[in-house]
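Structure for the following, please:
(2 chains)
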Amino acid sequence: MKFLFKIICIALLGYLVQLFLPFWSLALVAFLVNIIIKTKGFAAFAAGFISGILLWSAKAYLIDMNTNSILTEKMAKIFSLSSPMLILVTGLVAALVTAFASLTGHQFNTLFERKRSDVYR
Amino acid sequence: MKLFKFLISLAITVSLLYLLNNQVNVGGTALPPLGKLLDPFHGFWQNAQNDSLPYYANIQLEGLKGEVKVHYDEFGIPHIFAENNHDLYMAQGYIVAQHRLWQMEFQTHAAAGRVAEIVGDGALNFDRGQRRKGMVFGAERTYELMKADKETFEYIEAYANGVNQYINSLSYKDLPVEYKLLDYRPEEWTSFKSALILEYMIDALTGYDEDFESSNALQMFGKETFDLLFPESLLDTDPVTPTDSANQWAFEPLEIDTPKLDLPTDLVQNVLPKPDPDNGSNNWAVAGSKTKSGKPILANDTHLGLNLPSLWILLQLHSPDVNVMGFTFTGAAGITIGFNENAAWGFTNAPRDHKDWYKIEFQDESRSKYKYKDQWQPTTVKIEEIKVKGQDVFYDTVIYTHHGPVVYDKSFGDDDGYKNFALRWIGHDPSRVQTALLHLNRVSTHEDYVKAIEYWDAPPQNIVFATTHGDIALRVQGNYVAKWKDQGKFLMDGNNPLHEWQTLVPKAQNAFQLNPERGFVSSANQHPVDSLYPYWTYSPTYETYRNRIINRMLSAADDVTPQDMMTMQQNGYGILPEEILPLMLDSLIANELTDKGKAIVDSLKSWDYHYTVGSKTATYFQVWWSRLYRSIWDEFRIEDVALEEPSYFTTIHLMKNYPTLEFYDIDSTDQKETLKLLINESFNHTIDFLELWKEERNRDFTWGNYKATYVRHLADLGGSLAGFSSYNIQVQGEANTINSTKRNHGPSQRLVVEMTSPPQAWGIYPGGQSGNPGSPLYDNMIELWRTGAYHKLLFMLNKEESQNKIIFTQTFESK
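Numbers count the residues shown, from 1 in each chain, chains lettered A, B, ... in the order given. As a prediction, this is how the structure comes out:
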């Protein structure tokens, strides 16, 4: 549940932030969301990955549909990919960013968790 | 440990962001910044459009004096209505930038030799060539004259202002996709760039010369053979302005001092890349006496490299003192080829030898002095600073003499310290063509036209003209050097002042025609005049086929309609095969032919000489001819000397009149080849070659497939941006037919205007109004162009009319 919630949070906040800021803002969003919503390391990484690929692939897919693939096909040719692959690769780029930023957020949390557990154990 | 893990993943994230935000070099190719580029919120996805006119409806421009309305018709052509000229050209700058910003900047960068700073060291040699031949040197001199003309300067400044206000309105997301791919940003546009775009055209149209090749050939083959292989003129030429009762050259030509010829004897190997010698055009105007409506009809199609975004953009410009429509360059104020309420005009290149080379002798290695009139004169030095993307700045030292820049020296060309060659080129002289165009936009009578083109300096053009009053005219206009015979045909002596350009032909002595008896004027880059004209008019590239088919058709034409003229612009009939194929077929030894060979011969015998898309016969002929031609002139393909082969026209002349020329023998074989043997061998090779061609490509060699015309994106080098180019366009015609389409070259626009009141016009070009590959209007006209269709142009007399044909309007107001 938390996992799903995290995915939605990163994707939704990422969407909003991207309306104003360049692509690297995605990393900030993923980092911060993971500081607030705590999960295990692998879950953080996976949630980041999924939210990134969802957000960018979906956005790219919508643009592609809305514009009859007019530019997708030309750009796909330049990258020697098919159009669906270009949409997927677009998502993968975001996925890498959000996955590693999420992991970094998680690692950041663990820095303090350890201290806390030392005190109360 | 946890800190370590944190730092590791932080490091990964940060370096990932860095890599995705910057251009990365992978195995020599520069990958674009993938994060920025693929970001669907800001990257290339944002350039994809479903709306063909995705522009703001209300725009505020600083410095605008009144209101400007820009109406778009169904073809996406902007009709700009302004309350004064300043606003008109400011809006033009804004609108052209809105459609074509990347292209207009790229072309001026190319003119200035600044491509390496965008694409990297692959373009360094190109940039060096541009700098060394003095492109900026020439543009600066043109710009000085632009500044001196108050009106012209006001308009190009307003234009620049409009471009800049568009640039400043852009965030990364809005940038043309090429900036995102190549990872750079547009710089400020200046009115100097209007001079650079003109220099770009001057280079394309006057930049071709064969001086070194001719010098080499003269020394290798001797004068007698040279004159046989490179005659300046042959019978059968049909000049633009024939000598007749109206044209008797009743003027006193200027005196020119002719020296005793003593030329340098260097053999030169490496010469700069040249513009396509087929850069040329067709234009004609038919008098009312030959048309159905009784009104003149003017037609023009300009043959240039086929590129996307297209060189041309279609616009209408309206202010209280001008209403003009047609094709124009991105970066120039006004309309270049077009019409107004009273008149229409168009261009073909009017070639001549506009580029001469002088051997320079330096006093010593410092190159601070050179010999002129047997005395040592000081040189000046220009250090060219060429920025190279991802690398250190490249500094190139160019020595200037009073002739011009020493293009070839110890570090350029043959890299030989004794081969110092200075360039004297029309492109170094100031040109007032921008002013001439602004005047042409406003002409109504023949007198106005003559006055307007008095400013036409370079590139010299055959300027065709027609009015609603019924006049047709054509003037061979521009700056022409009055030369002594053979001056500048070969490499010359920089020491001898008589080898220099002495004076220009007065413009009043340039050849012209006004309402000639034959009922039409026409030009297709052929000889401007016959030998009776009092000046020597040599060019290595005079056209020899298109002009004759045009004149043949126009002479026979009657009751001409605009539709006839459009059909004529598509004509793919070849005079070349008409004149040589019978001889080639005659020379085949019948009993040595295979069955297949016999069938091909039959198809060639019944060929109508039309280069149609589906014709395999046309391909057979073209391949056969070009292989034969290459085997005749094998002597010209040697490694260490630059040579140009004789023209097709001369080759055919020689084949018919000199059947035993020594050149028919192929040097690399022991046997003695004859013309007949070459014809037979090349025929057999053609059959084998085309079978192999078909097998390798799994496509039949119809003319359309074999020619495989394509329109190339300006930055598509070797297929790197193939997605933005348009390939395998099935279009009829050949270089020497009216529809002069080659593989990547051909009619870059077509215009037909009937001089009714107001004029009616039809136009098309192989591209689209938008420069954005993500726009429906990026390449939408290519298919129409291919099939010979035209847009009937909407020429609005005022901004209120034809509102039912307007699909979008932009309103500009002062900020």
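
So, low pLDDT: which residues of chain A?
Regions of chain A meeting the criterion pLDDT under 70 cover residues A:114-121.

What parts of it come near chain B?
Within reach of chain B by Cβ under 8 Å from any Cβ of the partner chain, chain A has these residues: A:18-19, A:22-24, A:27, A:31, A:56, A:59-60, A:63-64, A:66-68, A:70-78, A:89-90, A:93-94, A:96-97, A:100-101, A:103-104, A:107-108, A:110-111, A:114. C-betas here are computed from N, CA, C, even on glycine.

Can you point out the buried residues in stretch B:427-447?
Residues B:427-443, B:446 are the ones in stretch B:427-447 that count as buried (16 or more other Cβ atoms under 10 Å in any protein chain shown).

Filter those residues down to the ones in helices?
Counting by DSSP state H, these place B:433-440, B:446 in helices.

Residue 49 - nearest residue in space that isn't next to it in sequence?
Chain wasn't specified; assuming chain A. Closest residue to A:Phe49 apart from its sequence neighbours, by Cβ to Cβ, 6 or more residues apart in numbering or on different chains: A:Ala99 at 3.9 Å.

Hmm, no, I was thinking of chain B.
Here the residue nearest B:Gln49, using Cβ to Cβ, 6+ apart, is B:Ser775, at 4.9 Å.

wait, what's in contact with the residue nearest the centre of chain A?
By Cα atoms, centre = their mean, chain A has its centre lying nearest to A:Gly52, at 2.6 Å. Counting by Cβ atoms under 8 Å, 6 or more residues apart in numbering or on different chains, A:Gly52 makes contact with A:10, A:14, A:26, A:30, A:91, A:94-99.

Now the element after the strand or helix carrying it, going C-ward?
Per DSSP states H and E: A:Gly52 is located in helix A:41-66. Downstream of helix A:41-66, the first helix or strand assigned by DSSP H and E is helix A:72-78.

all strands for the stretch 51-200 of chain B, in order.
B:58-61, B:68-73, B:78-81 (DSSP state E, counting those that start in this stretch).

remind me, longest helix of chain B?
helix B:85-111.

Please see if that one touches chain A.
No. Shown here: helix B:85-111 not in contact with chain A (Cβ under 8 Å from any Cβ), separated by at least 14.3 Å.

and that helix, average pLDDT?
For helix B:85-111, mean pLDDT rounds to 98.

quick one on the thing from earlier: give the members of the buried residues of stretch B:427-447 that are also in contact with chain A.
Applying Cβ under 8 Å from any Cβ to these, none is adjacent to chain A.

got the contact list for the closest residue to B:Tyr143 other than its chain neighbours?
Among residues not flanking B:Tyr143 along the chain, B:Ala195 sits closest, at 4.0 Å (Cβ to Cβ, 6+ apart). B:Ala195 makes contacts with B:139-140, B:142-143, B:146, B:434, as judged by Cβ under 8 Å, 6+ apart.

Determine which two of these are furthest apart.
For the contacts of B:Ala195, the maximum inter-member distance is 14.3 Å, found between B:Glu140 and B:Gln434 (Cβ to Cβ).

one step back: what residues sit buried inside the helix or strand hosting the residue nearest to A:Phe49?
Secondary structure assignment for A:Ala99, by DSSP H and E: helix A:83-120. Neighbour counts using 16+ other Cβ under 10 Å place A:83, A:86-110 of helix A:83-120 among the buried residues.

Likewise for stretch B:645-659?
B:645-655.

Could you tell me which of the residues you listed belong to helices?
Per DSSP H, the buried residues of stretch B:645-659 map to helices at B:648-655.

Dump these to TSV, plus distance to B:Tyr664.
Output for those, formatted as TSV (distance: Cβ to Cβ, whole Å):
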residue	distance to B:Tyr664
B:Tyr648	16
B:Phe649	18
B:Thr650	14
B:Thr651	11
B:Ile652	14
B:His653	14
B:Leu654	9
B:Met655	9
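
Next, format the residues you listed as CSV and append pLDDT.
Compiled in CSV, these are given as follows (pLDDT from 0 to 100):
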residue, pLDDT
B:Tyr648, 96
B:Phe649, 95
B:Thr650, 95
B:Thr651, 96
B:Ile652, 96
B:His653, 95
B:Leu654, 95
B:Met655, 95
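
Reformat those into CSV and put distance to chain A next to each item.
Shown next, in CSV, are those (distance: Cβ to the nearest Cβ, whole Å):
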residue, distance to chain A
B:Tyr648, 37
B:Phe649, 41
B:Thr650, 43
B:Thr651, 41
B:Ile652, 42
B:His653, 46
B:Leu654, 46
B:Met655, 45
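
How many neighbouring residues does residue 80 have?
All of this is about chain A. A:Ser80 has 9 neighbouring residues, counting by other Cβ atoms under 10 Å in any protein chain shown.

please go with chain B instead
The local packing of B:Ile80 (other Cβ under 10 Å) involves 24 other residues.

now swap in B:Leu717 and tell me
13.

do the same with B:Lys676
Residues near B:Lys676, counting by other Cβ under 10 Å: 14.

near chain A, which residues of chain B show up?
Within chain B, the residues that sit near chain A (Cβ under 8 Å from any Cβ) are B:2-3, B:5-6, B:9-10, B:12-13, B:16-17, B:20-21, B:34-36, B:38-50, B:172, B:177, B:181, B:720-724, B:773-776.

residues making contact with stretch B:582-600?
B:601, B:604-605, B:617, B:620, B:624-625, B:628, B:655-656, B:675-676, B:679-680, B:683-684, B:687.

same question, stretch B:783-793
Contacts of stretch B:783-793 (Cβ under 8 Å, 6+ apart): B:75, B:77, B:314, B:325, B:566-567, B:569-570, B:729-731, B:747, B:750, B:752, B:760-766, B:781.

Grab the most central residue of chain B for me.
B:Leu304 (4.0 Å).

Is that residue in contact with B:Ser310, as I believe?
No. If you go by Cβ atoms under 8 Å, B:Leu304 and B:Ser310 don't touch, sitting 9.8 Å apart.

any common contacting residues for those two?
Listed as contacting both B:Leu304 and B:Ser310 by Cβ under 8 Å, 6+ apart are B:Ser748.

So what's the residue count around A:Ile35?
15.

can you tell me the helix or strand for it?
helix A:25-36.

I would like the residues contacting that helix, please.
So helix A:25-36 is contacted by A:6, A:9-10, A:13-14, A:17-18, A:44, A:47-48, A:51-52, A:55, A:94, A:97-106, A:108-109, B:13, B:17 (Cβ under 8 Å, 6+ apart).

residues touching B:Ile156, list them.
Contacts of B:Ile156 (Cβ under 8 Å, 6+ apart): B:89, B:146, B:191, B:194, B:333, B:434.
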